[in-house]
Each structure stands twice: as C-alpha cells, then as structure tokens.
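**Q** Compute the structure for the input listed below.
(2 chains)
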Amino acid sequence: MFHIDYKKIRMIKENIFLIVVGALTLLATLPLFHIVFSIVSKGLSTVMESGLPFITETFSNGGIGPAIVGTLILTITATAIGVPLAFLAGAYAYEFPNSFIGKSTKILLQIMLEFPTILVGTFIAGIVVFPMGSYSLLAGALALAMILMPYVAVYTEEAMAEIPKIYKEGGYALGCTRAQVIFKVITKMAKKGILTGLLIGIAKVSGETAPLLYTAGGLYESYPNSLFEPVGSLPLLIYSLVQSPSPEDHKMAWGAALVMVIIFLGIFIPIRYSLKKDIKI
Amino acid sequence: MDFKKILRKLDEFKIITMPTIFVVFLLFAAVLVFYFTSAYPAIEKYGIDLFTTNVWKATEDATKEVYGLAAPIWGSIYTSVIAVILAIPIAIGYAIYVNDYAPEKLKYPLIIISDIMAGLPTVIYGIWGAFILVPFLRDNIMMFLYENFSYIPFFSTPPITGYGYLSAGVLLAIMVIPFASAIIREAYAMVPKVHKEGLYALGTTRYEATKVIVSYIKPAILSGFILAFGRALGETVAVSLVIGNSFNISYSLFSPGYTISSLIANQFGNAELYAYMVPTMYAGGLVLFVVGLIVNLIGLYYLRRWRSNVSH
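**A** Down below sits the predicted model:
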C-alpha cells in the first residue's frame, strides 16, 4: 500500500518538475519571438511606405542609407585593424600556454572580452577624439577593433587548441619551422573554428552602439567620404531616434531596427546552422 | 655568444607574433593608466565623497562644481542584482530542459534561439524595452503591485512612467539569461554519463537525478551568475533607454535611477563644458572597470577550477 503511494508522489513530482522546467524555457525564449514580432509588425509599415529609398536615401529624405553604409565601413575598417592582431595574439597564446607571457596574454584577452563596451568608447574618445578635435570614422573603427580583437583572439586560440597534438609533431618531424607548423598546418586545420569566431565577432561588433556614441559621432544627411570625419551607424541612429520625443522618429527607429535585425539574422543564422554538429549536448 | 643564444631563441614565429603581444599588453596598460590619470583630478578634488555622496551640481564656475557618483553606482549594482535574481531560475530551468527533457527536434532550435538572443544587438533590446516592455510592465505588473502592496517599501513609488530599476532589471535579465544558461548548459553536458546512469540504476526518476546533477554542477552555476552579473554591470544602451535617468537612490523598484554606464552614455557629450565633469565620468568608468574586473576574475577562476576538477 505505502509503496504505491510513494511511487505516485514521486511521479507527480516528476510531472510538476517537467511542467515547471518547460514553462521556464518558454519564458526564456518568448522575448525573442516577441522582439522579432513587434519589430516586424511596427517596422514593416515604415519600410513599405518609403520602399527602396528607405535604405538608399539620406535621413531628411526619409531614408537610412548613410547609416547602413556607415555601419558597413566601420565594420570593415575595424576588421582590417583588429583581425590580424587578434589572429597573431591568439596563435601566440596557443603556442605558449605555459609561459608567463602566454598565460597573461590569455588572461588579458579574456578580461578585455568582458570589458564594458562604453568604457572602450570613452577611452578612444580620450586618446583619439579629444586630441583630433572631432568625432571620426577612424575613432569609431578603432573602438570597434578593440572590441573585436579579444573576441577573435580567444576563438582562434580555442580553435587551435582543439587540433590534436599529433599533427604538430608530424609537422616538426618533416622539418618544418615553428612558423610553418602554426601558420600552414594548424591554421589550416582550425580554419573553420577561426572563421566562426571571426564572423560571430563581426556580427557582434556591427551591432554595437555604446562604443560609437562618443567616437563615431553620427552622420545621416550625407554619405561618409573621409576617415577623419564623423560617420553614422545603424545602431547609433536607432539609439538617438528612440530618445527623441517625436513619434515620426520612433517610426523611423522601428524601420531601421527591422533592417538591422534582418541583416543580423541573415549573417548569424547560417553560421550557427553550419555549426550544428559542433554543438555539444 | 649571448647574442647568438638570444637569436636562436627568437625564431620566425616569435618575431612575427611578439609585436602583437606587445600591442595587447600596451593597450591594456594604456587603458589602466589613462583611466587613472583622467579620473585623478576629480578624485583629488572630492576625495572619497565622489563615490559616497549623491550630488550633481554642474556650473560654469569650476570652484562651485560638486559631483557624487553614489546614485549611479547604486543603480548599477541594484539593477544587476535584480537581473541576476530574475535570471537564476529561468536560466537553470532552461538549461535542464534543453539537456534532459527537450525532444531531439527541439534541441537545436532552442540552442540556436538562445545563441541569437546572446548576440542580438543591444539597441534592439533597447527599442523593444522602451516601447513595448516598459508600458507592459507598468500597466500589468507595477500598477497591480502598487495598488495592492504599496505598504511594502519595494513597491512604494507610484509607477508614473514605468521607467526605473525594475524595468532595467527585467530587460537585463532577458539579456543575460542566454549567457548564463549557455555556461550552465555546457557544465551540465560535461557531467560524466556514468553519474547519470548510476542514478537511473538506483531507480531514481528524472527529477531526482536532475536534483543530484544540479548539486554536482553548483560551482559552475554560481560562476555563471557571477559572470552574468559582470555582464549586466557593463550594459549601456538598453539600460539607459529604460532606467529613467535621474539621480536617485532608492530601494523602491519603480522609481527611476541611473547606472554608471547610462550616466556616461547620457552626459559624456556635454561634460566637456564643465571643468570637472569629464574627470568625474572617468572616475565612474574606473569604478565600473574595477568592479567588473573583480567580478569577472572571481567568476572565471571558479569556472576554471570547476572545469579542471571535472576533467580529472
């Protein structure tokens, strides 16, 4: 008699637990669906109203063209500055995991990874913007590069560390130098992991707002054409439009947010799906 | 002789990578030195009062300027604490569901959803938070709590606009849940299969087995939330759109406040007009940097120790 009762209680507990855990999961994922839903429902009308000019025209003509181009240029420049640095630093941290410099490099990179992005912005503002006297594309790109760098470096190091040691030994046995082994053997084998880190880093950096606030400045009435002049960016534009009191600006903000989400998901989902096999469960 | 030895030690690889390592170290040192020297004038002028008082008097006359960062410091910590408290049950439940209960077909989509949420630009959370989440919280939750429980100090402020600590905390929680749950999920997957098999062999239900495994990965869960706290501290854009931006120190969840990062985001632009405001901003940044550094180092240390314990 008692035995059966205990079993029942345990089964009820099990079912309650399943319901609770399922509900919590729903609660955790619900915001994403609601965010995408509300951005599409509010942004679509704005984009449809203006049609193609929305992504090509300047702001006073009802478009966000300069912001899109600005984001693109900023991201490319930041990648060009940050990635070579990141790759070499990551390779060093991989090759010398036990030396003092190697260890501290890895720790520093990890600390920089968690560095509040607004502080990167104010740092670059202090050393680039104040001396130069104006916001500039260069300052914005440097700030983004400083955020991208530790990201890519840590991914590079992790991707390389996953390659079995035996390939390295094989390389040395063939008489390769250290540089040849790392850059020709290990890098090629870890290509996929490094590229993933790079792309995820770029996707992340292209959506950053805080580091650009006081470095890039913002430019929405004309297309950027100089490294030393202010430049606009999509997230920056959304941020300032949300703060404005006018409902017209809010509509533009939703439209810009829709464009941004489409770009982000367009980059992010294919990368993530291509890595399906690598997800550990 | 010595020179030759050094030359032999310096192979191609080191010659190529050393300059970048130098840049990394230099950059880090430059950030530290820059923040200390830029913050120094304010620290020298106001002393410890800069961090313990809540005043904000900006005037053209440099001798009459007084700043105290107590309100933003309080706001940063308070909102992050709210976020972590809200995130704990949801992130743990989510990690358990994905690992143990989710049918195969749901697993990958769920993981990809949380990865998207972790990477989604923060300004997207910001626009959604400011226009959708805040009115929703105000009309459905804050109003109810205020009308029925306003004798509890946490709910004592009438939620007029809805912008405040609670809104910021909820938005931050939504943003850090995927981050925390990824760490927990990974730890959960690292638990050796033998443990689970042993538990099932003892005749446990899945709930009982999960209970044991969760207590096994407790250190990883803890470090996940410490790291999530660190991330919430530094969050800028989304928070500054929903926190209300006013100098205020209050327990009340519905009253507007400030965080260090939202203060910088709002005021840094016109801080140049005043003699001591820029140093004050940098002092705030320094606080954020130091607190974040300590929190992250503790979190990373625990996580690493736990990982090496498991793999051995």
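**Q** Spell out which residues of the stretch 151-300 of chain B are next to chain A.
**A** Residues of the stretch 151-300 of chain B that fall close to chain A, judged by CB under 8 Å from any CB of the partner chain: B:174, B:177-178, B:181, B:186, B:189, B:205-208, B:210, B:227, B:230-231, B:233-237, B:241, B:261, B:264-265, B:268-269, B:281-282, B:285, B:288-289, B:292-293, B:296-297, B:300. (Each C-beta comes from the backbone N, C-alpha and C, glycine too.)
**Q** Where strands are concerned, which of those residues count?
**A** When strands are assigned by DSSP state E, not one member of these lies inside them.
**Q** Buried subset of those as a ChimeraX selection?
**A** A single ChimeraX command suffices to select whichever of these are buried according to 16 or more other CB atoms under 10 Å in any protein chain shown:
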select /B:174,177,178,181,186,205,206,207,208,210,227,230,231,233,234,235,236,237,241,261,264,265,268,281,282,285,288,289,292,296,297,300
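**Q** if I look at residue B:89, how far off is chain A?
**A** Summarising the geometry, the distance separating residue B:89 from chain A, computed by CB to the nearest CB, to the nearest Å, is 6 Å.
**Q** residues touching that residue, list them.
**A** residue A:24 (CB atoms under 8 Å, 6 or more residues apart in numbering or on different chains).
**Q** how distant is the helix or strand encompassing it from the center of its chain?
**A** Per DSSP states H and E, residue B:89 falls inside helix B:70-96. For helix B:70-96, the separation from the chain centroid amounts to 8 Å (computed by CA atoms, centre = their mean, to the nearest Å).
**Q** what does stretch A:209-225 give?
**A** Per CA atoms, centre = their mean, the displacement of stretch A:209-225 from the mean C-alpha position of its chain is 18 Å.
**Q** List the buried residues in that stretch.
**A** Quick answer for stretch A:209-225 (16+ other CB under 10 Å): A:209-220, A:224.
**Q** Over stretch B:14-26, what's the mean pLDDT, rounded is fine.
**A** The average of the pLDDT scores along stretch B:14-26 is 90.
**Q** Just say helix, strand or coil for residue A:135.
**A** Using DSSP: H, G, I helix; E, B strand; the rest coil, the three-state assignment for residue A:135 comes out as coil.
**Q** What about it, how many residues nearby?
**A** One way to gauge burial is a neighbour count; for residue A:135, by other CB atoms under 10 Å in any protein chain shown, it gives 23.
**Q** any weak-confidence spans in the chain?
**A** Reading this off chain A. Applying pLDDT under 70 to chain A picks out residues A:1-4, A:276-281.
**Q** Actually, chain B is the one I wanted.
**A** Under the criterion of pLDDT under 70, the regions of chain B flagged as low confidence span B:1-10, B:311-312.
**Q** Need the single longest helix in chain A, by residues.
**A** Longest helix in chain A, counting residues (DSSP state H): helix A:2-50.
**Q** got the contact list for residue B:187?
**A** Under the criterion of CB under 8 Å, 6+ apart, the contact partners of residue B:187 comprise B:217, B:220, B:221, B:224, B:306, B:310.
**Q** Farthest-apart pair in the residues you listed, please.
**A** B:224 and B:310 (14.5 Å; CB to CB).
**Q** more neighbours, these two?
**A** Set side by side, residue B:224 and residue B:310 show more neighbours around residue B:224, with 30 against 15, by other CB under 10 Å.
**Q** Tell me where the stretch 101-250 of chain A has helices.
**A** If you assign secondary structure with DSSP state H, counting those that start in this stretch, the helices in the stretch 101-250 of chain A sit at A:117-124, A:130-132, A:137-161, A:165-173, A:178-180, A:187-189, A:191-206, A:234-243, A:247-274.
**Q** what packs against the longest one?
**A** Based on contacts counted as 3 or more CB pairs under 8 Å, 6 or more residues apart in numbering or on different chains; DSSP states H and E, the elements that helix A:247-274 packs against are helix A:2-50, helix A:53-56, helix A:191-206, helix A:234-243, helix B:104-119, helix B:122-128.
**Q** at 7 Å instead, please
**A** Under the contact criterion of 3 or more CB pairs under 7 Å, 6 or more residues apart in numbering or on different chains; DSSP states H and E, helix A:247-274 touches helix A:2-50, helix A:191-206, helix A:234-243, helix B:104-119, helix B:122-128.
**Q** Could you check the longest one against chain B for contacts?
**A** Yes: taking CB under 7 Å from any CB of the partner chain as the criterion, helix A:2-50 and chain B are in contact, through A:10, A:13-14, A:17-18, A:20-22, A:24-25, A:27-29, A:31-32, A:35, A:38.
**Q** Between helix B:70-96 and that helix, find me the angle.
**A** Computed with axes from the mean of the first three to the mean of the last three CA atoms, to 10 degrees, the direction of helix A:2-50 lies at 120 degrees from that of helix B:70-96.
**Q** And helix A:2-50, what does it pack against?
**A** The helices and strands touching helix A:2-50, judged by 3+ CB pairs under 7 Å, 6+ apart, are helix A:247-274, helix B:70-96, helix B:104-119, helix B:122-128, helix B:165-190, helix B:206-216.
**Q** Of the ones you listed, which is nearest residue A:117?
**A** Comparing the helices and strands packed on helix A:2-50 against residue A:117 with CB to CB, the closest turns out to be helix B:122-128 (8.6 Å).
**Q** buried set for the following helix or strand past that closest one?
**A** Scanning forward in sequence from helix B:122-128 by DSSP H and E, the next helix or strand is helix B:134-136. For helix B:134-136, burial by neighbour count (16+ other CB under 10 Å) applies to B:134, B:136.
**Q** who's in contact with helix B:134-136?
**A** Residues external to helix B:134-136 that are found in contact with it (CB atoms under 7 Å, 6 or more residues apart in numbering or on different chains): B:162, B:163, B:167, B:242.
**Q** Name the nearest of those relative to chain A.
**A** Lowest distance from chain A to the contacts of helix B:134-136 (CB to the nearest CB) belongs to residue B:242, with 10.1 Å.
**Q** tell me the contacts of the residue of the stretch 151-281 of chain A found nearest chain B?
**A** Chain B sits closest to residue A:207 of the stretch 151-281 of chain A, with a gap of 2.7 Å, by CB to the nearest CB. Listed by CB under 7 Å, 6+ apart, the contact set of residue A:207 reads A:235, A:264, B:121.
**Q** how far away is the last one from residue A:71?
**A** The gap separating residue B:121 from residue A:71 is 10 Å, by CB to CB, to the nearest Å.
**Q** Specify which residue of the two has the higher count of neighbours.
**A** Ranked by neighbour count (other CB under 10 Å), residue B:121 and residue A:71 place residue A:71 first, with 29 against 25.
**Q** Can you list phi and psi of the more buried one for me?
**A** Geometry field for residue A:71 lists phi and psi as phi -60, psi -40, criterion degrees, to the nearest 10.
**Q** That one: what's it in contact with?
**A** Shown in contact with residue A:71 (CB under 7 Å, 6+ apart): A:206, A:233, A:234.
**Q** returning to what we had before: and the buried residues of stretch A:209-225, which two are the farthest apart?
**A** A:210 and A:224 (20.1 Å).
**Q** roughly how far apart are residue A:70 and residue A:88?
**A** To residue A:88, residue A:70 is 28 Å away according to CB to CB.
**Q** can you check residue A:105 too?
**A** With distances defined as CB to CB, the gap from residue A:105 to residue A:88 amounts to 11 Å.
**Q** Check residue B:84 too.
**A** Note on residue B:84: its distance to residue A:88, by CB to CB, is 36 Å.
**Q** Repeat that for residue A:43.
**A** Look at residue A:43 and residue A:88: by CB to CB, they are 41 Å apart.
**Q** Fine by me, we can end here.
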